[in-house]
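A.B. asks: generate coordinates for the sequence data below:
(5 chains, ligands or ions: 15)
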Amino acid sequence: MPQKNVFSGRFADSDLMENAVIPDLLSHGQYETVYNFLSLVIASQLFTAVFLLVSLPRILPRYRQAITVAIIVCGIAAYHYFRIFDSFKAAFVTTSVGGTGDYTQAVGQGFNEGYRYVDWLLTVPLLLVELVAVLALARSVQSRLLARLVPAAALMIALGYPGEISGDNGIRGLFGLLSTIPFVYILYVLFVQLGKSLDKQPAGVRKTLSRLRFLLLLSWGVYPVAYLLPLLNISGSDAWVYKQVGYSVADILAKAVYALIIFHVARIKSFDDDT
Amino acid sequence: MPQKNVFSGRFADSDLMENAVIPDLLSHGQYETVYNFLSLVIASQLFTAVFLLVSLPRILPRYRQAITVAIIVCGIAAYHYFRIFDSFKAAFVTTSVGGTGDYTQAVGQGFNEGYRYVDWLLTVPLLLVELVAVLALARSVQSRLLARLVPAAALMIALGYPGEISGDNGIRGLFGLLSTIPFVYILYVLFVQLGKSLDKQPAGVRKTLSRLRFLLLLSWGVYPVAYLLPLLNISGSDAWVYKQVGYSVADILAKAVYALIIFHVARIKSFDDDT
Amino acid sequence: MPQKNVFSGRFADSDLMENAVIPDLLSHGQYETVYNFLSLVIASQLFTAVFLLVSLPRILPRYRQAITVAIIVCGIAAYHYFRIFDSFKAAFVTTSVGGTGDYTQAVGQGFNEGYRYVDWLLTVPLLLVELVAVLALARSVQSRLLARLVPAAALMIALGYPGEISGDNGIRGLFGLLSTIPFVYILYVLFVQLGKSLDKQPAGVRKTLSRLRFLLLLSWGVYPVAYLLPLLNISGSDAWVYKQVGYSVADILAKAVYALIIFHVARIKSFDDDT
Amino acid sequence: MPQKNVFSGRFADSDLMENAVIPDLLSHGQYETVYNFLSLVIASQLFTAVFLLVSLPRILPRYRQAITVAIIVCGIAAYHYFRIFDSFKAAFVTTSVGGTGDYTQAVGQGFNEGYRYVDWLLTVPLLLVELVAVLALARSVQSRLLARLVPAAALMIALGYPGEISGDNGIRGLFGLLSTIPFVYILYVLFVQLGKSLDKQPAGVRKTLSRLRFLLLLSWGVYPVAYLLPLLNISGSDAWVYKQVGYSVADILAKAVYALIIFHVARIKSFDDDT
Amino acid sequence: MPQKNVFSGRFADSDLMENAVIPDLLSHGQYETVYNFLSLVIASQLFTAVFLLVSLPRILPRYRQAITVAIIVCGIAAYHYFRIFDSFKAAFVTTSVGGTGDYTQAVGQGFNEGYRYVDWLLTVPLLLVELVAVLALARSVQSRLLARLVPAAALMIALGYPGEISGDNGIRGLFGLLSTIPFVYILYVLFVQLGKSLDKQPAGVRKTLSRLRFLLLLSWGVYPVAYLLPLLNISGSDAWVYKQVGYSVADILAKAVYALIIFHVARIKSFDDDT
Ligand SMILES: CC1=C(/C=C/C(C)=C/C=C/C(C)=C/C=O)C(C)(C)CCC1
Ligand SMILES: CC1=C(/C=C/C(C)=C/C=C/C(C)=C/C=O)C(C)(C)CCC1
Ligand SMILES: CC1=C(/C=C/C(C)=C/C=C/C(C)=C/C=O)C(C)(C)CCC1
Ligand SMILES: CC1=C(/C=C/C(C)=C/C=C/C(C)=C/C=O)C(C)(C)CCC1
Ligand SMILES: CC1=C(/C=C/C(C)=C/C=C/C(C)=C/C=O)C(C)(C)CCC1
Ligand code: NA
Ligand code: NA
Ligand code: NA
Ligand code: NA
Ligand code: NA
Ligand code: NA
Ligand code: NA
Ligand code: NA
Ligand code: NA
Ligand code: NA
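C.D. replies: Ligands and ions are numbered 1, 2, ... in the order given. The predicted structure is shown next:
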């Protein structure tokens, strides 16, 4: 009888379910698609982090906290994508010459979906810290916002994980639903409560900031959708490939592109404050 | 006849005992749990170190010693967790497709529990240096405190090691007890002797500092408890998995979260002193 | 029936075609030629990035954006060439003593041509950002130029990829043609529209800047030519080796040498502005 | 007939002798002891270097030369210990489950004792540079001291190497004796000639500096003693394990702890000079 | 019929010749000698680069260009020596226990002599840039010198390569001769044309600078001599080992020691200019 996984609850050890989650076979085209998207995310996150690090001195000290958090977020993502990439390469193998045939699951190694959740557990709360930090609100307002957003974000991720690794669509749906509660709460705080603070931001960045919230909505929305793919009628390996691509693109938008917009806001505010 | 291990004393080479310490078999769920927690610690320690390094210039020079020590502590921990992670991956192997089956001990490789103690030997004294440094006490008071805390910390770790690697519960208990003496002494110095110094700290950080001591108590307390798990009636591999998880969580609290609170104190004191 | 590759369209999985693209056999001399050129590109890109990073403080803040982008471009290229190098080494193997015999495609591994396109997707738009940034034009002119150049560059690369990985010369030609449209548009913007701005640049750099545009034309021109090689009558493996060498040399010119000229321009403008 | 080794002279290739130097068998306990000490040295040297690097700006420019040399020394040591660690892991292998059995010499790989001497050749002269630099003596006095100490240190190491790799106790003794001549000369310069300069150092560091010389004497003394172990009657593998542990501890004292004391001296002198 | 190597010309693929260049067998002593010298070069180049990087802020901005180039040169050399070291380790293998027997060429891997030439192609021109930069001559004089030295250096290396990889002594001799023409020209420029500029250097560095030119002559002279070794009557593997050692020592002198002397000159000129 399999022993239970602290993360995944008591259903995690069923081979049947595992097989439902990780595809048994990828075509060469599918393998290369996932392979190249994962490598693209590594480069995007790593060099966004490097770009921000090199650019940090050109930001006023007051906005450096936001950019430093952005560096950390992109750095953590790069770290995890290095691991995901290596895990993917080891988990799917082929015996064809030149690697042009089908790829099957390797003996003794699995693809570790858990890296994404470990990543999100650390980075999703930090993304909200990043946003609040760049607004440079009064210290008390800032603390109040973070005291709501950070725990909600951690809860959202923690609740999603048991569903993600489960091959049972019922469990997937249930935890997806539970995870949606803090998700909706975060959106409520961002779009209703934060709305008032936005009006007090300098005119030059107000439009960018509301576009940023829009990007956040759009990119964060990808995660629940990618999560739901296995519930739809799309065949196994395709759904899985689309999920990997979906997560990859969303991670670039939600971390790297997001960080660059925050950097842009901080730059403009630095000019404004300086003069 | 096995030759003796400088660290572990004369009982270290008994296969029987080794087997009592490191489990022969981990379920896939147990393997993944340990795997993901170890990776989480790597990311937490590494990026706390990076965050502090990038943020160092925003701290007044007077408090940089504390933050520099915090960077070193988290860096040393990240280094050791990279090693522990690799040691764990090599030490437990499976022959199942996709890695979803049971994991057994590998031929020719063992999990090296010694890394944790080597880590603690270096970092536990430094954690106390970090705490004393952020208080920015008079040089003589500081020297007096460190002359007590640092040797006691080193002794505590050194005394715990022979018990940790022993499969004999009697030896484990004995060295645990010996190690508790300097542990209690450290708590005495921190809670009784340091108490007076805390009253002289600026009002704005006094509450944070006493919360910090509380975090220290809480997180450091995990180590003796995790150490005692094999003495309780919990079955072998579960106890071992809980111990790994316990050590991982405690290491995040005792080093990374602790460092961030110290950073917070240093930031507030930097503002206060500056104006 | 092979499933489709998001990047490559429906023809990507045909072994026949793959074989037309990646050679089955390389002589030792061919293997070493590609090997050494790839390693040369790694060193060139990596150390150009390091050189610019170390030299950044000697540039006036106004031109640091351009140099920072140049660092990122060369860094991204170094990252991808590390991967290309490793992919190449694993993809071609020999059973000869001392590695002096012929090299054939490895079992289970292929050379991933996709890395180049992932690289270009990120770096080609950035190369144009780099150029516009060093001109230090009025903010509105700059935005207008980038709004044209950046999407065109991304489109050019995206359209080239399906042709690159196809073994069918018709498809290669078609996508090559489509990709040429944004290519010509970029050249038009650079040589006609940007021409006016160049006249307003300080006299000391005007000549260098027009030489830079010439280098851009020359080096960027290599890519479509290398792309067309398989369409010509040159035998398979030679065409492939020349393509790799062509891409390598062009990448050094278009990124590293280009960055050093931009650095030179920024240095001269820094002196001029300073006095 | 084996060809001669530039370093080791004509006796180096005798298998008989090699076997006398590197043990054929290590118990698990011995293996783990060496393993953990080597890893401890990596962490100590690496993070001492990082600590000094991060702390460098808090030192007055006049003393930065000494600290920079200390960073280099600890960095070089960390590099070599990474190599020694990997060499050790590859050189001793076991076929036991969980790695708890005996370890024997691997096929095709040996433990490379040469790394230590390559390390010392670079670092021992630099340790003397470090010491002289922190004294901040007059340029001419400094040059005169270094012109004596640096060549003597290089000679001492170079003369020790042929004896170290020889399995013949006569040769070991002879080269040990020759190496002792420059060793004694260095001590003479440090304790007699440098003595006068110490009297001119600020009162606040005089005691620390004479303790530093004492540490140097103590730690450097370990090397000839560890070197002599194979000459004593201690059984082969034990002598070798003690030698590795002895070198490890001495390297931490002679480089990392030594560097931290030099840093302490530089800090105090920085305060003194500043006011 | 082997296809031709862009670098090596049409003779490169003859197994007969290859065997004449790379030895079939190395004794343990020879293997260790090459092994340790290669590792020594890695440490020397890497830590010279680190030392200069850490010391850069203590140099006046005017001389930072020279030191930055020195950092790049030593960095490029360290990179290539890492590769050469790995190539060497993989190319020669033994089946003896403890690695104490003879080493023969591995199956499927060769030692890549090409790395050295790729290295020199980049670094030799930069070494001349470094020298000219530290003189801080008038911009026009500087440009004129570099326009002669840099192309001549590149030509010298490019002409030497076909001879280096050829097993035919006639070809080796011919290309060696051709390569000597730019070599002599460089020496002419350095010793005759540069001579006049040296007289205008501050008195304090004039002697050091002429010693530097002497070091350059001495160390650069090693390369043609090492190149000629296979032409002399020394037996195959010995000649090859001496060549590797010769190149290693010369690379340390010509890059690391050279850089440290340039640093010394820059330091003294920094003091002079400052006062
Ligand atoms: C609502 C919901 C989810 C939301 C996930 C989100 C919103 C993740 C955001 C991740 C980010 C922003 C990553 C950064 O790169 C889950 C957990 C998929 C489970 C299904 C329900
Ligand atoms: C009292 C006691 C112990 C205490 C250990 C402690 C207190 C460790 C602290 C470690 C820290 C703080 C690590 C940092 O990350 C041991 C050795 C388990 C042995 C059993 C008795
Ligand atoms: C026109 C054209 C192309 C152009 C490619 C270019 C212009 C690439 C530039 C790359 C650079 C500058 C890389 C930097 O290092 C393709 C895609 C080959 C497809 C064929 C038609
Ligand atoms: C006298 C003597 C020796 C001295 C070695 C010394 C003094 C080494 C110092 C090393 C240091 C300080 C390393 C730094 O980490 C040898 C060569 C063992 C040979 C036997 C005689
Ligand atoms: C004259 C001559 C040569 C000169 C080589 C030189 C001068 C190389 C210098 C290399 C340096 C300085 C490396 C730096 O580390 C060759 C090519 C061996 C070929 C034979 C004739
Ligand atoms: Na499972
Ligand atoms: Na794979
Ligand atoms: Na044991
Ligand atoms: Na494993
Ligand atoms: Na395909
Ligand atoms: Na290969
Ligand atoms: Na030997
Ligand atoms: Na081993
Ligand atoms: Na060849
Ligand atoms: Na080898």
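A.B. asks: CA only for contacts and neighbour counts going forward, please
C.D. replies: Fine.
A.B. asks: got any ranges where the stretch 101-250 of chain A has weak pLDDT?
C.D. replies: Across the stretch 101-250 of chain A, the ranges flagged by pLDDT under 70 are A:233-235.
A.B. asks: what ranges do the strands span in it?
C.D. replies: A:103-105 (DSSP state E, counting those that start in this stretch).
A.B. asks: pick out the residue of it closest to ligand 10.
C.D. replies: Closest to ligand 10 within the stretch 101-250 of chain A is A:Gly101: 7.7 Å, counting by CA to the ion.
A.B. asks: and the helix ranked longest in chain A, what's buried?
C.D. replies: The longest helix of chain A (DSSP state H) is helix A:61-91. Within helix A:61-91, the residues that count as buried by 16 or more other CA atoms under 10 Å in any protein chain shown are A:63-85, A:87-91.
A.B. asks: separation between the closest residue to A:Leu46 other than its chain neighbours and C:Gln45?
C.D. replies: Distances taken as CA to CA, 6 or more residues apart in numbering or on different chains place A:Ala78 nearest to A:Leu46, at 5.3 Å, with adjacent residues excluded. A:Ala78 sits at a distance of 20 Å from C:Gln45 (criterion: CA to CA, to the nearest Å).
A.B. asks: residue boundaries of the helices in chain A?
C.D. replies: With helices called from DSSP H, chain A shows them at A:15-21, A:28-55, A:61-91, A:114-135, A:139-164, A:169-188, A:194-199, A:203-228, A:236-251, A:258-274.
A.B. asks: what packs against the longest one?
C.D. replies: When you say that, I think you mean helix A:61-91. Judged by 3 or more CA pairs under 8 Å, 6 or more residues apart in numbering or on different chains; DSSP states H and E, helix A:61-91 is in contact with helix A:28-55, helix A:114-135, helix A:258-274, helix B:28-55.
A.B. asks: of those helices, give the one that comes closest to D:Leu135.
C.D. replies: helix B:28-55 (29.8 Å; CA to CA).
A.B. asks: distance between the closest one and the chain's centre?
C.D. replies: Distance, stretch centre to chain centre, for helix B:28-55: 13 Å (CA atoms, centre = their mean, to the nearest Å).
A.B. asks: and what of stretch A:183-200?
C.D. replies: The answer for stretch A:183-200 is 20 Å, by CA atoms, centre = their mean.
A.B. asks: next one: stretch A:53-61
C.D. replies: 25 Å.
A.B. asks: spatially central residue in chain A, please.
C.D. replies: A:Asp251 (4.6 Å; CA atoms, centre = their mean).
A.B. asks: pLDDT value on that one, please?
C.D. replies: At A:Asp251, the pLDDT value in this model is 97.
A.B. asks: close to ligand 6: what parts of the stretch 151-275 of chain A are there?
C.D. replies: Neighbours of ligand 6 within the stretch 151-275 of chain A, by CA under 5 Å from the ion: none found.
A.B. asks: rewinding a little: with adjacent residues omitted, what lies nearest to the residue of the stretch 101-250 of chain A closest to ligand 10?
C.D. replies: With CA to CA, 6+ apart as the criterion, A:Gly101 has its nearest non-adjacent residue at 5.6 Å, and that residue is A:His28.
A.B. asks: go ahead and confirm that neighbour touches A:Gly98.
C.D. replies: No - using CA atoms under 8 Å, A:His28 is not in contact with A:Gly98, being 10.5 Å away.
A.B. asks: out of the two, which sits in the more crowded spot?
C.D. replies: A:Gly98 (25 against 21; other CA atoms under 10 Å in any protein chain shown).
A.B. asks: and A:Leu25, how far from ligand 2?
C.D. replies: Separation of A:Leu25 from ligand 2 (CA to the nearest ligand atom, to the nearest Å): 42 Å.
A.B. asks: can you give me the neighbour number for that residue?
C.D. replies: Neighbours of A:Leu25 (other CA under 10 Å): 17.
A.B. asks: got it, and A:Ala138?
C.D. replies: Counted with other CA under 10 Å, residues neighbouring A:Ala138 total 8.
A.B. asks: now do the same for A:Gln30: its pLDDT.
C.D. replies: 96.
A.B. asks: pretty sure it sits against A:Trp240.
C.D. replies: No - under the criterion of CA under 8 Å, A:Gln30 makes no contact with A:Trp240, lying 9.7 Å away.
A.B. asks: look up how far chain B lies from A:Val245.
C.D. replies: From A:Val245 across to chain B, the span is 21 Å (CA to the nearest CA, to the nearest Å).
A.B. asks: list the contacts of that residue.
C.D. replies: The contact partners of A:Val245, taken as CA atoms under 8 Å, 6 or more residues apart in numbering or on different chains, are A:Thr33, A:Val34, A:Phe37.
A.B. asks: and it, how close does it get to chain D?
C.D. replies: 38 Å.
A.B. asks: I'd like the distance between that residue and C:Ile157.
C.D. replies: 19 Å.
A.B. asks: then A:Gln30?
C.D. replies: 21 Å.
A.B. asks: what's the residue lying closest to A:Leu52 once chain neighbours are set aside in contact with, if anything?
C.D. replies: Spatial nearest neighbour of A:Leu52, excluding adjacent residues (CA to CA, 6+ apart): A:Ile71 at 6.3 Å. Going by CA under 8 Å, 6+ apart, A:Ile71 touches A:Thr48, A:Ala49, A:Val50, A:Leu52, A:Leu53.
A.B. asks: name the nearest residue to the first one, ignoring sequence neighbours.
C.D. replies: Just to be clear, that refers to A:Thr48. Distances taken as CA to CA, 6+ apart put A:Ala256 closest to A:Thr48, at 6.0 Å, once the chain neighbours are dropped.
A.B. asks: who's in contact with the one you found?
C.D. replies: By CA under 8 Å, 6+ apart, the contact set of A:Ala256 is A:Ser44, A:Gln45, A:Thr48, A:Cys74.
A.B. asks: can you tell me how far it sits from A:Gly75?
C.D. replies: Going from A:Ala256 to A:Gly75 by CA to CA gives 10 Å.
A.B. asks: what is in contact with these two at once?
C.D. replies: Common neighbours of A:Ala256 and A:Gly75 (CA under 8 Å, 6+ apart) are A:Gln45.
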